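Enquirer: sequence-free structure coming up:
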């Protein structure tokens, strides 16, 4: 079953009001009207100049399509209280609305009629003008919502043909040209199209309008399927509860969420899955939604662990407004979580690994995923590029002795960026005999090297437009036992002769 809700729009003042938008060479045209403007005979698509001649007191404002689309998207997220699959219908001007796939969900509201009535009442309470209808196909629901005089019409699956017969052909979501051509043949009601063979109906038109009429008619009658794209992909695992009295404090939401989280974990365990991202969504009485999410480093379906993470995230993040009357806990990302055979010998190690993973999840929940990271090796032989940080929730890298590009001894403390030093060395490739670093002169007692690292010419320069140069690294030890890792950038007379080679301190050995 599909529900279609008419485009949202807040009530307007009594004076005629219109939204205007510049359309090509036509100049400003009307793209939105309130009831007072329509009562004066103004119509969508009319030029602004003609409209002002008919209604001199017309109040107009520039249209903001992006803001209107964003408002419709927010309404779609709010409408997830009735369906996990809500699609925005914004392809046809004046006809914007929402499609809700409520298959198998009507019984949660006491039936289809009760569900439609609840939907309409909540939209009215939020000051949103709307008409709603339910049918077995999206096309039939769209036509019933716009062109029937009955409130909250319902056409059960299989009865679309009878329900649509008396409606105008505009209910098939046709272009203006197609409607005009059908009128020339005396075909003004959808039922007028039923006796005509599909091939003959298509031949009555010379252009693509014939195929448009046939295709839309078949979709409305359920002879051809119509795919809808939800605004957000519906979560496969979700627990949902509607409250008779709105919840106005975070502690109340946390208490209800505990039961919903246990229900969610039971669903995951049934299918052998674990949650990697859990989303909490509260549906407010004023028509808005509020919520937050937690991410996990490894799949989990332990209720206690998930509830602890939700507490770490903080229930105060929920902006309850005047209260929420529905709450949903869903697994936005779920992965297989197979049972693991316990190893008695590795018991303490496995327990430590599980404890570390739980600690990371708690830190991420409290501080954010960008604040918690772990070091990883990179594919580069340049020291400062051979390691980095990534999110602690990312997949663990595969260990490899070749990662990083080098197998030589590296200092425990690596300076990034390297610090300049003054060095005295034999030309062209001798190790420093003495050097000055941080205003302290040091005499070299022992040295080894060089270890030559060629520049990665395929990488763009990070801090300047100068080309990268070869580095010769040396391990130095001074008379007091301090060990250093220095390099000379550039080769005397053999590389970029205009630039003199320079010396740099890159690290200190422990």
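Expert: Looks like it came in fine. These figures come from a predicted structure and were not determined experimentally. Numbering: from 1, shown residues only.

Enquirer: how about the strands in the stretch 251-400 of the chain?
Expert: 273-284, 289-300, 324-336, 373-377, 387-391 (DSSP state E, counting those that start in this stretch).

Enquirer: Mind listing residues that contact the longest one?
Expert: Residues outside strand 324-336 that contact it (C-beta atoms under 8 Å, 6 or more residues apart in numbering) are 80-81, 235-243, 245-247, 253, 256-257, 260-261, 263-264, 268, 272-285, 290, 293, 299, 318. Every C-beta, even on glycine, is put in place using the N, C-alpha and C of the backbone.

Enquirer: rerun at 6 Å
Expert: Outside of strand 324-336, the residues within contact range by C-beta atoms under 6 Å, 6 or more residues apart in numbering are 81, 235, 237-243, 246-247, 256-257, 260-261, 264, 273-285, 299.

Enquirer: could the strands of the stretch 251-400 of the chain be laid out in TSV, adding mean pLDDT?
Expert: Putting the strands of the stretch 251-400 of the chain into TSV (pLDDT from 0 to 100) gives the following:
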stretch	mean pLDDT
strand 273-284	91
strand 289-300	86
strand 324-336	90
strand 373-377	77
strand 387-391	75
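
Enquirer: Buried deepest among those, which one?
Expert: Counting by mean count of other C-beta atoms under 10 Å, strand 273-284 has the highest mean neighbour count of the strands of the stretch 251-400 of the chain, with a mean of 22.

Enquirer: partners of that one, with directions?
Expert: strand 289-300 (antiparallel), strand 324-336 (antiparallel) (DSSP bridges).

Enquirer: ok, now which ones touch residue 209?
Expert: If you count contacts by C-beta under 6 Å, 6+ apart, residue 209 has them with 177-178, 181.

Enquirer: between the residues you listed, which is closest to residue 158?
Expert: Nearest to residue 158 out of the contacts of residue 209 is residue 178 (C-beta to C-beta; 26.5 Å).

Enquirer: from what I can see residue 120 touches residue 132, true?
Expert: Yes: contact criterion C-beta atoms under 6 Å: residue 120 and residue 132 qualify, at 5.2 Å.

Enquirer: the more surrounded of these two?
Expert: The neighbour count for residue 120 versus residue 132, taken as other C-beta atoms under 10 Å, is higher for residue 132 (25 against 17).

Enquirer: Return the residues in contact with the more buried one.
Expert: Counted by C-beta under 6 Å, 6+ apart, residue 132 has contacts 5, 116, 119-120, 152.

Enquirer: State the pLDDT value of it.
Expert: If you check residue 132, the pLDDT there is 90.

Enquirer: cool, residue 508 as well?
Expert: Note on residue 508: pLDDT of 93.

Enquirer: Does it touch residue 413 like I think?
Expert: Yes: counting by C-beta under 6 Å, residue 413 is a contact partner of residue 508 at 4.6 Å.

Enquirer: Tell me the one of the contacts of residue 209 nearest residue 141?
Expert: Among the contacts of residue 209, and counting by C-beta to C-beta, the member closest to residue 141 is residue 178, at 20.4 Å.

Enquirer: any idea which helix or strand carries the closest one?
Expert: helix 176-184 (DSSP states H and E).

Enquirer: List the buried residues of the helix or strand following that helix.
Expert: Sequence order places helix 198-203 as the next helix or strand after helix 176-184, per DSSP H and E. Buried residues in helix 198-203, defined by neighbour count with 16 or more other C-beta atoms under 10 Å: 201-202.

Enquirer: Same check on stretch 33-42?
Expert: 33-34, 36-37, 42.

Enquirer: Any chance of these in CSV with pLDDT and distance to residue 427 as columns?
Expert: Listed next are the buried residues of stretch 33-42 as CSV, based on pLDDT from 0 to 100; distance: C-beta to C-beta, whole Å:
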residue, pLDDT, distance to residue 427
33, 84, 85
34, 85, 86
36, 88, 90
37, 88, 87
42, 88, 88
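
Enquirer: Narrow those to those in helices?
Expert: 36-37 (DSSP state H).

Enquirer: Pipe the buried residues of stretch 33-42 into JSON lines and attach distance to residue 481 per row.
Expert: Below are the buried residues of stretch 33-42 laid out as JSON lines (distance: C-beta to C-beta, whole Å):
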{"residue": "33", "distance to residue 481": "86"}
{"residue": "34", "distance to residue 481": "85"}
{"residue": "36", "distance to residue 481": "90"}
{"residue": "37", "distance to residue 481": "88"}
{"residue": "42", "distance to residue 481": "90"}
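
Enquirer: Just the helices from this protein, written as ranges.
Expert: Taking DSSP H, the helices of the chain run over residues 35-39, 48-54, 65-78, 112-125, 138-147, 160-164, 176-184, 198-203, 209-221, 250-270, 303-313, 347-367.

Enquirer: elements contacting the fourth one?
Expert: Okay, so that is helix 112-125. strand 132-135 (3 or more C-beta pairs under 6 Å, 6 or more residues apart in numbering; DSSP states H and E).
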